[in-house]
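>>> can't give you the sequence, but here's the structure:
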């Protein structure tokens, strides 16, 4: 049966290169393709159901994003999350998030309600063991605060960190799923500071939370 749009016309499939790009990127982010995995053009062409030409196009995009490294006649190496990448992401997060929690105060009802909703979702994912979605909830919680700060350029920059944050988050949560509960506790503390209008407490909560993620990702916290 063919897929149709709401108008009844057959829905167009994304271009082959786009399908390759989306397939590999998702697998890298959820770590179906672990760091250090060597991907071959032939294997990817078979997995996605395309020829080798669009595979190369899709892989070039992923190399530009820093997720893989291409080796002529060999394939594409999935790059592991490096200590430098972790440090760079954490430094950028701290700069943006500390500024944002101060700027959103006094926090509006809509923001506070959204953060409460995300806390509930985070807890649901912890209970079901959905580690990837729990990591995404973590990122979204902070992204909502950044967007609420009202600086579109800063919000765009923060969104560009999404893939790296999500990839790091899944790695951290898989290392020890019990840490999800600690994340929820820290988000609860941050939300309480925002409700109280305490900028210093909110900034301190951000520093503790993001700093702990860095320590865990680098293997410095048991």
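Great, that's in hand. Small disclaimer: the values here were computed from a predicted structure and weren't measured. Numbers count the residues shown, from 1 in each chain.

>>> can you pull the buried residues of stretch 68-78?
Under the neighbour-count criterion of 16 or more other Cβ atoms under 10 Å, stretch 68-78 has 68, 75, 76, 77, 78 buried. Using the backbone N, CA and C atoms, a C-beta is placed for each residue, glycine as well.

>>> what sits up against that stretch?
Residues outside stretch 68-78 that contact it (Cβ atoms under 8 Å, 6 or more residues apart in numbering): 24, 28, 33-41, 59-60, 62-63, 67, 79.

>>> Let me see the contact set for the spatially most central residue of the chain.
Nearest to the mean C-alpha position of the chain, by Cα atoms, centre = their mean, lies residue 166 at 2.1 Å. Neighbouring residues of residue 166 by Cβ under 8 Å, 6+ apart: 29, 132, 135, 136, 139.

>>> Does it lie in a helix or a strand, and which?
Assigned by DSSP states H and E, residue 166 falls within helix 162-175.

>>> Past that helix, which element shows up next along the chain?
Downstream of helix 162-175, the first helix or strand assigned by DSSP H and E is helix 179-196.

>>> Which positions within that next one qualify as buried?
Quick answer for helix 179-196 (16+ other Cβ under 10 Å): 179, 180, 183, 184, 186, 187, 188, 189, 190, 191, 193, 194.

>>> For residue 151, state which of those residues is nearest.
Residue 151 has its nearest neighbour among the buried residues of helix 179-196 in residue 194, at 17.3 Å by Cβ to Cβ.

>>> Give me the subset of the contacts of stretch 68-78 lying in strands.
38, 39 (DSSP state E).

>>> Please list only the buried members of the contacts of stretch 68-78.
Neighbour-count burial (16+ other Cβ under 10 Å) is assigned, among the contacts of stretch 68-78, to 24, 28, 33, 35, 37, 39, 41, 59, 62, 67, 79.

>>> Could you work out the most separated pair of those residues?
Using Cβ to Cβ, the two most remote members of the buried ones among the contacts of stretch 68-78 are 35 and 41, lying 19.5 Å apart.

>>> if we can go back for a sec, would you tell me which one of the buried residues of helix 179-196 comes nearest to residue 212?
Taking these together and measuring to residue 212 by Cβ to Cβ, the closest member is residue 186, at 7.5 Å.
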